[in-house]
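Q: coordinates only, sequence not included:
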């Protein structure tokens, strides 16, 4: 099975991988901008997310393999690869396993280390959405607000809503499997994983995902990497300061 993607523009292949509970469409605005610099942007939905296939199995080895199959199916090589959060972990592993396919790597607000599970309230809130009762996005938002107070996070999560049929809402994500395997999302990059080509790490200045203590680990796995901090941003740095994020990426890939 091959992953669903939305392809924008023509030129050098540039794959973007979303984070946990996200989808490729979250990146549409930036993708259009990147495509104007002669890049063919592939907004890929990872397994159990967006419009891609559902599977009971979920870990980084499998997700990286999905991306390998996607590249083979679409005859992609010498790619620019950008991943945010969970997508950044996928991108790191993929680049270390298949360096011949990757020209440059960009990792947004995640380091190679282990992260403890911290999505409990979000997953619980999504699990409590009763679509036999909830008939509008507004009603879903109200129900979710009991678990997720931040409106920006709720808007992001509610992008997963879709009309299963007329009058019947549902979630695109494979929620049960993602809940069961949520510990996989925080797994560390394997000790032996190394990617020696140009790599850029971007972090939010208000985010705790890439700490100063992570820098030595990053350089161990990615000896040709450098780290840029994006101002006035938390974990969703590409959405919170898209102009600075865009400039950093374009300067790196040009």
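A: Okay, I see it. What you see is a predicted model; the values in this text were computed from it and never measured.

Q: just the helices in the stretch 151-254 of the chain please.
A: 151-158, 175-180, 182-185, 215-221, 237-240, 242-253 (DSSP state H, counting those that start in this stretch).

Q: Select the longest helix from the protein.
A: Secondary structure of the chain read by DSSP state H shows that its longest helix is helix 60-73.

Q: Quick one: list the elements packing against it.
A: strand 12-17, strand 39-44, helix 86-97 (3 or more C-beta pairs under 8 Å, 6 or more residues apart in numbering; DSSP states H and E). Glycine gets a C-beta too; all of them are placed from N, C-alpha and C.

Q: again, only using 6 Å
A: Helix 60-73 sits against helix 86-97, with contacts defined as 3 or more C-beta pairs under 6 Å, 6 or more residues apart in numbering; DSSP states H and E.

Q: what comes into contact with the helix it packs on?
A: With contact meaning C-beta atoms under 6 Å, 6 or more residues apart in numbering, helix 86-97 is reached by 17-20, 60, 63-64, 67, 81, 83, 102, 105, 107-108, 110, 185, 189, 193-195.

Q: quick one, which of the helices of the stretch 151-254 of the chain is packed in tightest?
A: helix 237-240 (a mean of 22; mean count of other C-beta atoms under 10 Å).

Q: Which residues belonging to stretch 99-107 are considered buried?
A: 101-107 (16 or more other C-beta atoms under 10 Å).

Q: Make a markdown table from the residues you listed and add pLDDT to it.
A: Shown next, in a markdown table, are these (pLDDT from 0 to 100):
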| residue | pLDDT |
| --- | --- |
| 101 | 98 |
| 102 | 98 |
| 103 | 98 |
| 104 | 98 |
| 105 | 99 |
| 106 | 99 |
| 107 | 98 |
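
Q: Identify, from the residues you listed, the entry nearest to residue 130.
A: Relative to residue 130, the closest of the buried residues of stretch 99-107 is residue 107; by C-beta to C-beta it sits at 37.3 Å.

Q: what about residue 223, how many neighbours?
A: 12 (other C-beta atoms under 10 Å).

Q: Now for it: which residues touch it?
A: residue 196.

Q: and with 8 Å instead?
A: 194, 196 (C-beta atoms under 8 Å, 6 or more residues apart in numbering).

Q: Next one: it relative to residue 198, how far apart?
A: 11 Å (C-beta to C-beta, to the nearest Å).

Q: just residue 97 next, same as before
A: 17 Å.

Q: How about residue 43?
A: 22 Å.

Q: who's more crowded, the two?
A: Ranked by neighbour count (other C-beta under 10 Å), residue 43 and residue 198 place residue 43 first, with 23 against 17.
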